[in-house]
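J.: Sequence plus predicted model, see below.
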Amino acid sequence: MSKINPVEISNLIKAQIKSFEKDLKTDSVGTVIKVGDGIALVHGLDDAMSGELLAFSNNVFGMALNLERDHVGVIILDESTEIKEGDTVKTTGKILQVPVGKELLGRVVNPLGQAIDGLGKISLTKTRPLEKKAPGVMARKSVEEPLQTGIKVLDALVPIGRGQRELIIGDRKTGKTSIAIDTIINQKGKDVICIYVAIGQKESTVAGIQETLKRYGAMEYSIIVSASASEPSPLLYLAPYAGVTMGEEFMYDGKHVLIVYDDLSKHAIAYRELSLLLRRPPGREAFPGDVFYLHSRLLERAAKLNDDLGGGSITALPIIETQAGDISAYIPTNVISITDGQIFLQSNLFYSGVRPAINAGLSVSRVGGSAQTKAIKKVSGTLRLDLASFRELEAFTQFGSDLDSATKKKLARGERTVEILKQGLHEVMDVEKQVVSIYALTRGYLDSVKLEDINRFEKALHDAFDQDKDGQACMDHIRKTKALPDEALFNGVIERAKNAFV
């Protein structure tokens, strides 16, 4: 029998004590006390953070939105049918993150970054927090680089710059989405990444938009974030924040981004639904008190960064739907006060065949000429006043009184202005061709052209500039210098085109 050495035993115990690690892991666990309509009330999560990701026992996740004294209000990020009272909920210690990266380009995803276009899973490794503080004043640069929409009336009257927030507002079915889609199509070859956020749209509508972007080759530089009308309210609430988070990844990489929120009226309604379910006190029109902050913290994230931060930008085109043209309603006035101008679409103009149906009097860009090329700024100087005075005269002459020759001349010019600014769906136009059309109008070359021949003459004019040697030189000059070429040369091409027009 071997003799036990007490020293060896002592050394062994000491070694084990030395190597012992106290790895104590604690979880904060709560219990579901109420569930329904995409909302769960959880008791016992005393250390949950606002916006924290919470894990339910059946592999469903939620986000803490309300931190009450005796419970936490959670929005559920998936189907809530599997969750029942008494289920356990754990804190994760993480704020809700969204997958980001260039792999998302060309895809349709939900607000959680999961593919919903049937083209397979997207392998993404990088994420960004859904909620982020907007860039401060010192991080920004003034908006001066134009973002061309390809729509004559917008680029001439309501110019949009990279880093601007321009509201598109109007009644239902007046062409709001069409303007946004045309602007996306016009970014082809301009090194701009486009994000279209569909909030509460029909799935068939989103599929139609995807097909349109594919047909015009725009899907390759675009991302569609869709929270359709059939989705629970939490996803509709998160959708625009997910879209801008995906855009920020590109902006901080020095790239330019265009983001469309279609539309923020439905976003506010989804947030109102969540707030009322969470028993937040209702205010005006039953919206919660922080509904202004809901959109301000979203739209403030659109910016033009300074050169030290890479000079990237996010341009936001939020869409708001009005009821019977009432732009003084609660949500419209909120968003108007947050944005840098608005494009107001009028239903009676739309139904009378003026498309895009833009009301020049109520539409404004607070960036203005800073975001315009020199050429288009020069030719469109008096356009807004001409259009506004024509609308007044038109209303006055409905009474059928005798008109003097000066008034008749003004009316004729106004009719031609309206006609030349009409543009077909998805028929975007290069800025140099816009300059030609507006120059011909403001310099009186269209005054003698019959009203029904305006569109045909415009096409002949563009063809002349494409084929004529002087015309090609003028177009190259506008493209390279952004300024108007020698006017004698310009006038010569227009006069030759007019003489050849039959």
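T.: Received the coordinates, thanks.
J.: Give me the nearest residue to the most centrally placed residue in the chain, chain neighbours excluded.
T.: Centroid-nearest residue in the chain, with C-alpha atoms, centre = their mean: residue 260, separated by 1.9 Å. Nearest non-adjacent residue to residue 260, counting by C-beta to C-beta, 6 or more residues apart in numbering: residue 180, 4.3 Å away. For every residue, glycine as well, the C-beta is placed using N, CA and C.
J.: Hmm, the one you found is touching residue 319, no?
T.: Yes - counting by C-beta atoms under 8 Å, residue 180 does reach residue 319; the two are 6.6 Å apart.
J.: intersection of neighbour lists for those two?
T.: Residues touching both residue 180 and residue 319 (C-beta atoms under 8 Å, 6 or more residues apart in numbering): 168, 260, 262.
J.: And the strands in the stretch 151-300 of the chain, which stretches?
T.: 167-170, 192-199, 222-227, 256-262 (DSSP state E, counting those that start in this stretch).
J.: Can you convert those into JSON lines and add a column each for mean pLDDT?
T.: Output for the strands of the stretch 151-300 of the chain, formatted as JSON lines (pLDDT from 0 to 100):
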{"stretch": "strand 167-170", "mean pLDDT": "98"}
{"stretch": "strand 192-199", "mean pLDDT": "98"}
{"stretch": "strand 222-227", "mean pLDDT": "98"}
{"stretch": "strand 256-262", "mean pLDDT": "97"}
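J.: Confidence-wise, which helix or strand of the chain is lowest on average?
T.: Within the chain, judged by mean pLDDT, DSSP states H and E, the helix or strand with the poorest mean is helix 6-19; its value is a mean of 76.
J.: and that helix, what does it pack onto?
T.: For helix 6-19, not one helix or strand is in contact under the criterion 3 or more C-beta pairs under 8 Å, 6 or more residues apart in numbering; DSSP states H and E.
J.: immediately after that helix, which helix or strand?
T.: Per DSSP states H and E, the first helix or strand lying C-terminal to helix 6-19 is strand 29-36.
J.: Burial check on residue 17, number of neighbours?
T.: Applying other C-beta atoms under 10 Å, we find 8 residues neighbouring residue 17.
J.: cool, residue 353 as well?
T.: For residue 353, the neighbour count with other C-beta under 10 Å is 9.
J.: State the pLDDT value of it.
T.: In this model, residue 353 is scored at 92, pLDDT.
J.: residues touching it, list them.
T.: Residues near residue 353 by C-beta under 8 Å, 6+ apart: residue 422.
J.: and it, backbone torsions?
T.: Torsion angles at residue 353 (phi, psi; degrees, to the nearest 10) stand at phi 100, psi 0.
J.: how near is it to residue 424?
T.: 12 Å (C-beta to C-beta, to the nearest Å).
J.: Likewise for residue 68?
T.: Distance of residue 68 to residue 424, given as C-beta to C-beta: 54 Å.
J.: With residue 156 instead?
T.: 17 Å.
J.: neighbour count winner among these two?
T.: Using other C-beta under 10 Å as the criterion, residue 156 and residue 424 rank with residue 156 on top: 26 against 9.
J.: all helices of the stretch 151-300 of the chain, in order?
T.: For the stretch 151-300 of the chain, the helices defined by DSSP state H, counting those that start in this stretch occupy 152-157, 176-185, 203-215, 233-251, 264-277, 291-299.
J.: Of the ones you listed, give the one that comes closest to residue 307.
T.: For those, the distance to residue 307 is smallest for helix 233-251, at 13.6 Å, taking C-beta to C-beta.
J.: For the closest one, the averaged confidence score.
T.: Taken as a whole, helix 233-251 carries a mean pLDDT of 96.
J.: quick check: angle from that helix to strand 222-227?
T.: 160 degrees (axes from the mean of the first three to the mean of the last three C-alpha atoms, to 10 degrees).
J.: Send over helix 233-251 as CSV, restricted to the C-alpha atoms.
T.: C-alpha atoms of helix 233-251 as CSV (Å, rounded to 0.1, in the frame of the first residue of the first chain):
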residue,chain,number,x,y,z
SER,A,233,-47.6,47.6,-37.3
PRO,A,234,-44.2,47.2,-35.6
LEU,A,235,-42.6,46.5,-39.0
LEU,A,236,-44.3,49.5,-40.6
TYR,A,237,-43.0,51.6,-37.8
LEU,A,238,-39.4,50.3,-38.2
ALA,A,239,-39.3,50.4,-42.1
PRO,A,240,-38.1,54.0,-42.7
TYR,A,241,-35.5,53.8,-40.0
ALA,A,242,-34.2,50.5,-41.5
GLY,A,243,-34.0,52.2,-44.9
VAL,A,244,-32.0,55.3,-43.7
THR,A,245,-29.7,53.0,-41.7
MET,A,246,-28.9,51.0,-44.9
GLY,A,247,-28.3,54.4,-46.6
GLU,A,248,-26.0,55.7,-43.9
GLU,A,249,-23.6,52.8,-44.5
PHE,A,250,-23.0,54.2,-48.0
MET,A,251,-23.1,57.9,-47.0
